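**Q** Got a sequence here, can you model it:
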Amino acid sequence: MLTIAPIFEKSEHEVQVFDPAYFTSDHSWSLLSFLFYRQQQSDFQFDKKEEHARYIRNLSNILKRKQVNETIANLAGSALATFQNEKKSQLVKDFWEGAISSQKRKVATIHERTALMEEHTTGVANSVFQQDQVVREKYMRRLNNTDFLEGENHSAVSIFNKIHSSRLKISNFVLSIKVSIRRSKKRKFQKTTSRRSSIDHHTCPQPSRSFSPSIL
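**A** Presented below is the predicted three-dimensional model:
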C-alpha cells in the first residue's frame with residue numbers, strides 16, 4: 001500500500017500540506033470525512049468557509065508538490081472535482097448544523113458555568129468580607145475592653161498601692177507606739193526599782209557609832 005509520508009516532509013522547496021495526518025493513501029478523501037477529522041482537532045474553526053477553504057488549500061498544495069506519485073495525485077484530483085457537489089449535500093449541511101448547535105450548547109454551558117463560578121466567587125468574597133467585618137468588630141470590641149480593663153487595672157493598682165502605703169504607715173505608727181510604750185514601761189520600772197532600793201536603804205536599822213561591844 002502506497003503512502004505519502006515522504007512527499008509531505010517539510011521542505012523549503014515544497015508547498016505545505018496543513019493536514020498530512022488526514023491526507024494518506026489508505027482511505028478515500030471527501031469533504032465530509034475531512035470535516036469530521038478536523039472537528040477532533042483543537043484548532044477546528046466553527047466556520048464553514050474557513051474549513052472548506054482549508055480543505056481546498058490542502059488538495060491544491062498536494063497537486064503543486066514536485067514529488068507526488070500518481071495515486072496521490074488522483075486522490076487529490078478526485079476530491080477537488082467532487083467538492084462543489086459535496087459542500088451542497090445534505091450530509092455536509094447536517095454536519096454544520098450539528099457542529100454549530102453543539103458549539104452553541106457548549107458555549108452556553110461554558111457561560112452558565114462561568115456565571116455560576118462568578119456567583120459562587122462573589123458569594124465567597126462577600127462571605128469572607130462579612131466574616132472579616134465580624135472579626136474586625138469583635139477584635140475592636142476586645143481591644144476597647146482590654147483598654148478599659150487596662151485602665152481599670154491601672155486604677156486598681158493605684159488604689160492598692162495607696163492602701164498598701166497607708167497600711168505601712170499605720171503599721172509603722174502602731175509599732176512606734178508600741179516601742180514608746182515599752183520604753184515608757186521600762187523607764188517606769190527602772191524608776192520604781194530605784195525608789196524601792198532607796199526606801200529599803202533608809203528603813204533598815206543602822207548600827208550605832210557609840211556602841212562598843214563588851215569585852216568578855
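**Q** can you map out the strands along the protein?
**A** Assigned by DSSP state E, the strands in the chain number zero.
**Q** residues in contact with the nearest residue to I62 once chain neighbours are set aside?
**A** Distances taken as C-beta to C-beta, 6 or more residues apart in numbering place A76 nearest to I62, at 4.4 Å, with adjacent residues excluded. Backbone N, C-alpha and C define where each C-beta goes, glycine included. By C-beta atoms under 8 Å, 6 or more residues apart in numbering, the contact set of A76 is 23, 29, 59, 62-63, 68.
**Q** and with 10 Å instead?
**A** 4, 23, 29, 58-65, 68 (C-beta atoms under 10 Å, 6 or more residues apart in numbering).
**Q** what sits against the nearest residue to K64 once chain neighbours are set aside?
**A** Spatial nearest neighbour of K64, chain neighbours left out: V15 (4.8 Å); criterion: C-beta to C-beta, 6+ apart. Residues near V15 by C-beta under 10 Å, 6+ apart: 57, 60-66.
**Q** List the buried residues for stretch 78-91?
**A** Neighbour-count burial for stretch 78-91 flags 79-80, 83, 86-87 (criterion: 16 or more other C-beta atoms under 10 Å).
**Q** wait, D19 sits on S33?
**A** No - judged on C-beta atoms under 10 Å, D19 makes no contact with S33 at a distance of 11.6 Å.
**Q** out of the contacts of A76, which are buried?
**A** The buried subset of the contacts of A76 (16+ other C-beta under 10 Å) comprises 4, 23, 29, 58-59, 61-62, 65, 68.
**Q** Max pairwise distance over those residues: which two?
**A** Using C-beta to C-beta, the pair of those lying farthest apart is W29 and R65, separated by 15.4 Å.
**Q** re the thing from before, filter the buried residues of stretch 78-91 down to the ones in helices?
**A** Residues of the buried residues of stretch 78-91 located in helices (DSSP state H): 79-80, 83, 86-87.
**Q** Name the nearest of the residues you listed relative to R105.
**A** Checking those one by one against R105 (C-beta to C-beta), the nearest turns out to be K87, at 24.4 Å.
**Q** pLDDT at that closest one, what is it?
**A** pLDDT for K87: 95.
**Q** That one is in contact with L31, isn't it?
**A** Yes - assessed by C-beta under 10 Å, K87 is found in contact with L31 at 6.1 Å.
**Q** Overlap in contacts, the two.
**A** 52, 55-56.
**Q** Out of these, flag the one nearest to A108.
**A** H52 (25.8 Å).
**Q** Am I right that the closest one is in contact with K87?
**A** Yes - counting by C-beta under 10 Å, K87 is a contact partner of H52 at 5.9 Å.
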